[in-house]
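A.B. asks: Okay, sequence plus prediction incoming.
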Amino acid sequence: MVLNYVWIGCFIIAFFVAILQCVIFQDYMVFERIVRSTFLMSEFAVMKIALPLGGVMILWLGLMNIGEKAGAINVLSKIIGPFL
């Protein structure tokens, strides 16, 4: 719950800083840069982080599913069990 207020506070502070840059420094392109950087970072998050991690997870979960159906997980748990 507190984290929601932290995020809202960050957005409000960023918005007011952008307004101050627009009014005080006559930097009228500040909002365009904010929107452009938001879209660039969202593209980075999806294309460079989420999709590769999803592919790796699909690969290893598929291998674990095959191992579970083949009985390799039970054999591995009996081998590792005494050490845990």
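C.D. replies: Arrived safely, thanks for sending. Numbering: from 1, shown residues only.
A.B. asks: Can you show me the helices along the chain?
C.D. replies: For the chain, the helices defined by DSSP state H occupy 2-24, 30-44, 51-70, 72-80.
A.B. asks: Any idea which helix or strand in the chain has the lowest mean pLDDT?
C.D. replies: Counting by mean pLDDT, DSSP states H and E, the chain has its least confident helix or strand at helix 72-80, which shows a mean of 91.
A.B. asks: That helix vs helix 51-70, what angle?
C.D. replies: Counting by axes from the mean of the first three to the mean of the last three CA atoms, to 10 degrees, helix 72-80 lies at 80 degrees to helix 51-70.
A.B. asks: Alpha carbons of helix 72-80, as CSV, please.
C.D. replies: The C-alpha trace of helix 72-80 is given here as CSV (Å, rounded to 0.1, in the frame of the first residue of the first chain):
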residue,chain,number,x,y,z
ALA,A,72,13.8,-38.1,-13.6
ILE,A,73,12.6,-35.7,-10.9
ASN,A,74,11.9,-38.5,-8.5
VAL,A,75,15.3,-40.1,-9.1
LEU,A,76,17.0,-36.8,-8.6
SER,A,77,15.1,-36.1,-5.4
LYS,A,78,16.1,-39.5,-4.0
ILE,A,79,19.8,-38.7,-4.8
ILE,A,80,19.8,-35.2,-3.4
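A.B. asks: okay, which residue is most central for this protein?
C.D. replies: With distances taken as CA atoms, centre = their mean, Ala45 lies nearest the centre of the chain, 6.2 Å away.
A.B. asks: quick one: Gly71 from Ser77, how far?
C.D. replies: 11 Å (CB to CB, to the nearest Å). (Each C-beta comes from the backbone N, C-alpha and C, glycine too.)
A.B. asks: whoops, I mixed them up, Trp7
C.D. replies: Applying CB to CB to Trp7 and Ser77 gives a distance of 42 Å.
A.B. asks: what do you get for Leu59?
C.D. replies: 22 Å.
A.B. asks: Same list (the helices of the chain) but as CSV, adding mean neighbour count.
C.D. replies: Shown next, in CSV, are the helices of the chain (neighbours: other CB atoms under 10 Å):
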stretch, mean neighbour count
helix 2-24, 10
helix 30-44, 11
helix 51-70, 10
helix 72-80, 11
